[in-house]
Structures are given as structure tokens and as C-alpha cells.
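Participant: Got a predicted structure plus its sequence, pasted below:
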Amino acid sequence: KPISKVPDMVFGNMPNDGGNLIIEGDEYYDFISLEPKAKPFIKSFVGAEEYINNKKRYCLWLKDVNPLDYANLPTVMNRIKAVRDLRLASNRAGTKKKAETPMLFGEIRQPDSDYLLLPRHSSEKRKYIPIGYLGSDIIAGDSCQIIPNATLYEFSILTSSVHNIWMRLVAGRLKSDYRYSKDVVYNNFPWPRSVDGTLEESELVRQRISQTAQAILDARAQYPDCSLADLYDPLTMPP
């Protein structure tokens, strides 16, 4: 649990599907041309790679969808069957159990609200881990951490120099890249408090920090064609 009074951070959604519920960016149009009635069930899918590099990826998202709406779509049903077969072949009892719902991701944590996304892995050459807000209709993969209903205040602290220095000190590594863990990095981070602990000062500080956060988002918006990899590369990062 976090040592400070802050929102919980959770993993994104884990497909556990052998790639069968995922639709790669370069196969999207072929897929919907074969199965146009499946289009309402296809959502953008974002992992760390897609988020940082602005890449397109999609998934079949059949949570709360009436089975009659897709039972007669052979391309969709073939993928669902492949998920079931994959999970049944697993040696793990938990995975075999999930074969009973092959139309769904193995683990679902998608919030009903907008959320803050933080990639679990990021290049060591970046001074900051690129983070940002996504809408509830964009499915976050388990290569990301998410904070539902996060405010600008949470965004500002997590993207601050202080938090990123803390991250570089305590985070794990994948080779030499940062490996952000909610249990090690986020939950143990000592969030700032007001000098005398009064609510009035705390709110004033939060407002000022939140204004800075909005300024960061506004600065990013000036470069709509750039990926976060471009904006946070030390060699191309705007001043």
C-alpha cells in the first residue's frame, strides 16, 4: 500500500491470449473489411511501446457485449476459439480456468473513467518517464501502470524532477532501462506536504502545482505530430 494518502496504482489489462484478441495496426483495415460488423467491438489498445512511440494497435474488447452480437462473425469466433485452446493447453490451473471466458482478457482492470498511464519500462536516456492521460475507451495493456481518476496534481508530482530522481534511485532495471514498479517506486515515494500541515496551504500548493502540470500538457499540445519519444529524447526535447 502507498505510504502516503494517494490514489492506488494498478496494472493495465493482461490479454493472456497468445495475441488472438490483439489486432495489429497493419492488419486493422483487412480485419474490418473481412468482418465489418465487428468494428463496434474493436478498441484502441495501448502498451508502453505504443504509448511512447505513438503506434497504432487494437484489440477485440467483448466485455459486457451480448454474445449474439458476435456469435455469427467467423473471424471473431476463430480468434476466440484460439484463445480457449491456448489457455486449455496451459499448465497453470488459473489459466485453464480462464478458458471458460475466452472472449475476455485474462485480467481486466480497465477503469470507467479517464486515467493516468505510466509505462512500466522506459529508456534510461530519458530524464523523465513520459506519462499522460487517456480516455476510458482506450484499453491499457499490462506493460503499463494506470491510476484511475488521477488529477493534475498526481500528474505533476509523478512527472516532476524529484519523482524521476527517486525513480532512478530505487527502480528496477531491464538491462539498463528503467523498470517502474508500483510496489517499489510509487507506493514508497514520500509525497510532498505543506509546511505546517494546514488544509488551506495544502490546497494552495496543490493548485500551483496543478497549474504547472497543465502547462506541461499545453506544451506537448504544441507538437501534435511528435511522439512522446520525440518530446522526451534529450537530443530533441523542446526547451
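Facilitator: Alright, I've got the coordinates. Residues are numbered from 1 along each chain as shown.

Participant: Beyond the helix or strand of the chain with the lowest mean pLDDT, next helix or strand please.
Facilitator: Ranking every helix and strand in the chain by mean pLDDT, DSSP states H and E puts helix 199-221 at the bottom, with a mean of 86. Going down the chain from helix 199-221, the next helix or strand is helix 228-231, by DSSP states H and E.

Participant: I'd like to know which elements that next one is packed against.
Facilitator: On a contact count with 3 or more CB pairs under 8 Å, 6 or more residues apart in numbering; DSSP states H and E, helix 228-231 meets helix 48-53. Placement of C-beta: from N, CA and C, glycine included.

Participant: Helix or strand next in line after the helix it packs on, which one?
Facilitator: Where DSSP H and E defines the elements, the next helix or strand beyond helix 48-53 is strand 57-60.

Participant: C-alpha coordinates for that next one, PDB please?
Facilitator: This file holds the C-alpha atoms of strand 57-60, laid out as PDB (Å, rounded to 0.1, in the frame of the first residue of the first chain):
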ATOM      1  CA  ARG A  57      -2.700  -1.200 -32.100                       C
ATOM      2  CA  TYR A  58      -6.200  -2.500 -31.400                       C
ATOM      3  CA  CYS A  59      -8.000  -5.300 -29.600                       C
ATOM      4  CA  LEU A  60     -11.300  -7.100 -29.500                       C
END
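
Participant: So for the next helix or strand after it, what gets flagged as buried?
Facilitator: Downstream of strand 57-60, the first helix or strand assigned by DSSP H and E is helix 74-88. Within helix 74-88, the residues that count as buried by 16 or more other CB atoms under 10 Å are V76, R79, I80, A82, V83, R84, L86, R87.
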